[in-house]
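Asks: Take this sequence and fold it.
(2 chains)
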There are 2 protein chains.
Amino acid sequence: MPDYRISDLNKVTRGPKRAAYDQEQIHGILDDTFLCHIAYTWQGQAIVIPTAYGRDGDKLYIHGSLKNRMMTCLLEAGKACVSVTRLDGLVLARSAFHHSANYRSVNIFGSVRAVEDDTEKMHALRYIINHMVPDHWAHVRQPNDKELRATLVLEISIDTASAKIRAEGVIDDKEDHQLPLWAGVIPVAEVTGTPISDPLLPPGIEIPRSVEQYVNR
Amino acid sequence: MPDYRISDLNKVTRGPKRAAYDQEQIHGILDDTFLCHIAYTWQGQAIVIPTAYGRDGDKLYIHGSLKNRMMTCLLEAGKACVSVTRLDGLVLARSAFHHSANYRSVNIFGSVRAVEDDTEKMHALRYIINHMVPDHWAHVRQPNDKELRATLVLEISIDTASAKIRAEGVIDDKEDHQLPLWAGVIPVAEVTGTPISDPLLPPGIEIPRSVEQYVNR
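Replies: Residues are numbered from 1 along each chain as shown, chains lettered A, B, ... in the order given. Reported below is the predicted structural model:
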């Protein structure tokens, strides 16, 4: 897959050697979580809100209620900036100055439109659910007409994007190496626990394969 | 501690029963991680970027290089919106519509100024390091004059804030309870692994107490 086009909008100027623009790497980071942070403008103020998303190729889908302020502002602006960040470790250097983190982060600049066609809306919601837990859509009650009408779905078509990745050890100044100070990396990871079944389940309902596979991945 | 003042800026309108405005709860969420997402405006576009922060009372501190676009834009605007999000679980309902997540999230609206006094700058950097790993400042080489000069530190004084918290099980429509579909919660947590010492450490340097306490917390 080709790289995303580089412009002033997405160019990584601080720490450019950690930058990546190739679609495969960026899509990989996007598929590693379902939680993003989206910036929008409201009354001249830039605001950031966390939300869930799904990805289908070069499109992200988000959803919310019809009156959701972020959604309506994004729709009005016609564009969105989305950030997805995975923390992989704390980088504790000898010097305060060289403290850092290992992470994989993606910034997306995209065009926004409302998904209005029912079939397309259902497609988007399927991608959002399956992005959370792969193949889980087959194990849910799909939205009915009333629910579909109450849900605003936005498509964010990726215009350009960049990733910034740090995945290495401590980098201290050479003259600090002999200091009697510890330095190293503390790995950080997100883990999933044992599924807790809803106490209201009728007897005999088993945990579906999608959930089993997700927690044992 | 009193609540943060409620205005149109920070009022939680969607899911208001999950909203909290009390300082103690908000500070607790802020102290549970060091990674935030900040929104800023650049050429009319709202942009969001992840960064590290420290907290001292009602102030957050962030730092970066002198030419960091986010930092310079925030300073120019004199205000910032900060989001801190902790994911605690996936809430898998019977219906796609009632899928959700358990989370603790904070939105902050603050006033921005540059920290220019050297003593105050050192204070801010100490809070940033100690926010990452409590009491770790005593175990690092503190910034020298050159490093201090190369670091832009911003104070974000919290004007108002809100938290949104979901911490419960599945909430499905009653008529869906008898469906032959599984529903439940998959807990999610961030865990730290065993510290990996820098291979360049001189012999005899032990992992400091701050790091031991952090990984065993």
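Asks: The longest helix that chain A contains vs chain B: in contact?
Replies: The longest helix of chain A (DSSP state H) is helix A:118-132. Yes: part of helix A:118-132 sits near chain B under the criterion C-beta under 8 Å from any C-beta of the partner chain, namely A:125, A:129, A:132. All C-beta spots, glycine's among them, are computed from the backbone N, C-alpha and C.
Asks: tell me the contacts of the first one?
Replies: Residues in contact with residue A:125, defined by C-beta atoms under 8 Å, 6 or more residues apart in numbering or on different chains, are A:61, A:63, A:142-143, A:151, A:153, B:96.
Asks: how about a cut-off of 6 Å?
Replies: Contacts here follow C-beta atoms under 6 Å, 6 or more residues apart in numbering or on different chains; on that basis residue A:125 touches residue B:96.
Asks: In chain A, what helix or strand scores lowest on average pLDDT?
Replies: The helix or strand of chain A with the poorest confidence is strand A:19-20; it has a mean of 90 (mean pLDDT, DSSP states H and E).
Asks: Note down every partner strand of that strand and its orientation.
Replies: strand A:151-166 (antiparallel) (DSSP bridges).
Asks: could the residues of helix A:118-132 next to chain B be laid out in CSV, adding pLDDT?
Replies: Formatted as CSV, those follow (pLDDT from 0 to 100):
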residue, pLDDT
A:125, 98
A:129, 98
A:132, 98
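Asks: roughly how far out does the least confident helix or strand of chain A sit from the chain middle?
Replies: 17 Å (C-alpha atoms, centre = their mean, to the nearest Å).
Asks: next SSE after that strand?
Replies: helix A:23-30 (DSSP states H and E).
Asks: Which strands and helices lie in contact with that next one?
Replies: Identification of packing neighbours for helix A:23-30 by 3 or more C-beta pairs under 6 Å, 6 or more residues apart in numbering or on different chains; DSSP states H and E yields strand A:100-114, strand A:151-166.
Asks: quick one: the last one to helix A:23-30, angle?
Replies: For strand A:151-166 and helix A:23-30, the angle between their directions (axes from the mean of the first three to the mean of the last three C-alpha atoms, to 10 degrees) works out to 110 degrees.
Asks: how much does strand A:151-166 deviate in direction from strand A:100-114?
Replies: Computed by the same axes, to 10 degrees, the angle separating strand A:151-166 from strand A:100-114 equals 150 degrees.
Asks: number of nearby residues for residue A:9?
Replies: Using other C-beta atoms under 10 Å in any protein chain shown, residue A:9 is surrounded by 17 other residues.
Asks: mind listing what it touches?
Replies: By C-beta under 6 Å, 6+ apart, the neighbours of residue A:9 are residue A:109.
Asks: Any figure for the gap between it and residue A:74?
Replies: Residue A:9 sits 16 Å away from residue A:74, going by C-beta to C-beta, to the nearest Å.
Asks: can you check residue A:94 too?
Replies: On the measure of C-beta to C-beta, residue A:94 and residue A:74 end up 44 Å apart.
Asks: Residue A:212 looks like it's in a helix, true?
Replies: Yes: counting by DSSP: H, G, I helix; E, B strand; the rest coil, residue A:212 falls inside a helix.
Asks: And it, how close does it get to chain B?
Replies: Here residue A:212 is placed at a distance of 10 Å from chain B (C-beta to the nearest C-beta, to the nearest Å).
Asks: For that residue, grab the count of nearby residues.
Replies: By other C-beta under 10 Å, 12 other residues sit near residue A:212.
Asks: What of residue A:110?
Replies: Residues near residue A:110, counting by other C-beta under 10 Å: 23.
Asks: beta partners of it?
Replies: residue A:80, residue A:158.
Asks: returning to what we had before: now tabulate the helices and strands packed on helix A:23-30 in a markdown table and tack on mean pLDDT.
Replies: As requested, the helices and strands packed on helix A:23-30 are arranged in a markdown table below (pLDDT from 0 to 100):
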| stretch | mean pLDDT |
| --- | --- |
| strand A:100-114 | 98 |
| strand A:151-166 | 97 |
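Asks: and these as CSV, adding distance to residue A:137?
Replies: CSV is the format used below for the helices and strands packed on helix A:23-30 (distance: least, C-beta to C-beta, whole Å):
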stretch, distance to residue A:137
strand A:100-114, 22
strand A:151-166, 15
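Asks: quick one: which of those strands is nearest residue A:29?
Replies: Closest to residue A:29 of the helices and strands packed on helix A:23-30, according to C-beta to C-beta: strand A:100-114, at 4.8 Å.
Asks: What are the contacting residues of that closest one?
Replies: A:9-10, A:26, A:29, A:74-75, A:78-91, A:154-167, B:50.
Asks: Show me what counts as buried in it.
Replies: A:100-110, A:112 (16 or more other C-beta atoms under 10 Å in any protein chain shown).
Asks: go on, stretch A:4-24?
Replies: Result for stretch A:4-24 [16+ other C-beta under 10 Å]: buried residues A:4, A:9-10, A:12, A:18-21, A:23.
Asks: now do stretch A:153-168
Replies: Quick answer for stretch A:153-168 (16+ other C-beta under 10 Å): A:153-156, A:158-166.
Asks: ok, now stretch A:54-71?
Replies: A:54-55, A:58-64, A:68-71.
Asks: Out of those, which is nearest to chain B?
Replies: residue A:68 (5.8 Å; C-beta to the nearest C-beta).
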